[in-house]
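Chemist: Fold the following and give me the result.
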Amino acid sequence: MARLYHVPLSPFCRKVRLCLAEKRIECELVEEWYWEQDADFLRRNPAGKVPVLRMDGRTLAESAAICEYIEERHPEPPLMPKGAEARYEVRRLVGWFDDKFHHEVTAKLLYERVNKKIMKLGFPDSRNVKDGARAVKFHLDYMAWLLDHRRWLAGDVMTLADFAAAAHLSSLDYISDVDWHRSEAVKDWYAKIKSRPAFRGILADQVPGFPPPAHYADLDF
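Modeler: Coordinates of the predicted model:
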């Protein structure tokens, strides 16, 4: 059985969890407090980051590389399209959410409000929180624009790009930091992806000291 070392609200870990669940790959989840710099964990990944996946006798790190490895080893159901241009668009959007969205939004909302408390690093920086709250509006508007032109974020079918976006937004939704009234298109997209069986494990997450809002696991939010 595969084993994933993860942190429940990490969007990078959630993206990998969604890929595994969508492809119905059984996986043991092991919570790893990477900031404690445990020697055994550092041997698995000297970068000291999660997720780390133990699969097929290999130890895999870096979420984007892990997801593409899973895709190549288990191509059904597909999360990457066949054409070069379509694959490019998926990778571009995965990069958008894991880089730009992460730095402008996730790191300034989720990390300030949750990670700092868990790591005992003090109180949230109010300026970062304000900047993140402002930036998320821009990203939701960009997603709305994409969905005005496409059925899913990268095209006509659901792909890894949708899982990357949903991983970040679901983490923020856990702390009520997404205004779902800003765009009906984005809300409808999230409702579709949230209702997939692959999402059940994520919706069951509970972080001690941070109870999720009532709507978090509601499929008709």
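Chemist: Show the residue spans covered by the strands in the chain.
Modeler: 2-6, 27-31, 52-55, 58-61 (DSSP state E).
Chemist: Give the buried residues for stretch 52-71.
Modeler: Neighbour-count burial for stretch 52-71, counted by 16 or more other CB atoms under 10 Å, picks out 52-55, 60-64, 66-71. From N, CA and C alone the C-beta is placed, and that goes for glycine too.
Chemist: Which helix runs longest in this protein?
Modeler: helix 126-149 (DSSP state H).
Chemist: now it, how far from the centre of its chain.
Modeler: 16 Å (CA atoms, centre = their mean, to the nearest Å).
Chemist: So which other helices or strands are in contact with it?
Modeler: On a contact count with 3 or more CB pairs under 8 Å, 6 or more residues apart in numbering; DSSP states H and E, helix 126-149 meets helix 107-110, helix 184-194.
Chemist: Need the residue closest to the centroid of the protein.
Modeler: Nearest to the mean C-alpha position of the chain, by CA atoms, centre = their mean, lies Ala167 at 2.2 Å.
Chemist: ranges for the helices of this protein?
Modeler: Under DSSP H, the chain gives helices at 11-22, 39-44, 63-73, 84-95, 107-110, 116-119, 126-149, 160-174, 184-194, 200-203.
Chemist: mind giving me a markdown table with the ones you listed and columns for distance to Tyr5 and mean pLDDT?
Modeler: As requested, the helices of the chain are exported to a markdown table (distance: least, CB to CB, whole Å; pLDDT from 0 to 100):
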| stretch | distance to Tyr5 | mean pLDDT |
| --- | --- | --- |
| helix 11-22 | 8 | 98 |
| helix 39-44 | 7 | 90 |
| helix 63-73 | 11 | 97 |
| helix 84-95 | 21 | 98 |
| helix 107-110 | 19 | 97 |
| helix 116-119 | 16 | 90 |
| helix 126-149 | 27 | 98 |
| helix 160-174 | 16 | 98 |
| helix 184-194 | 25 | 97 |
| helix 200-203 | 15 | 96 |
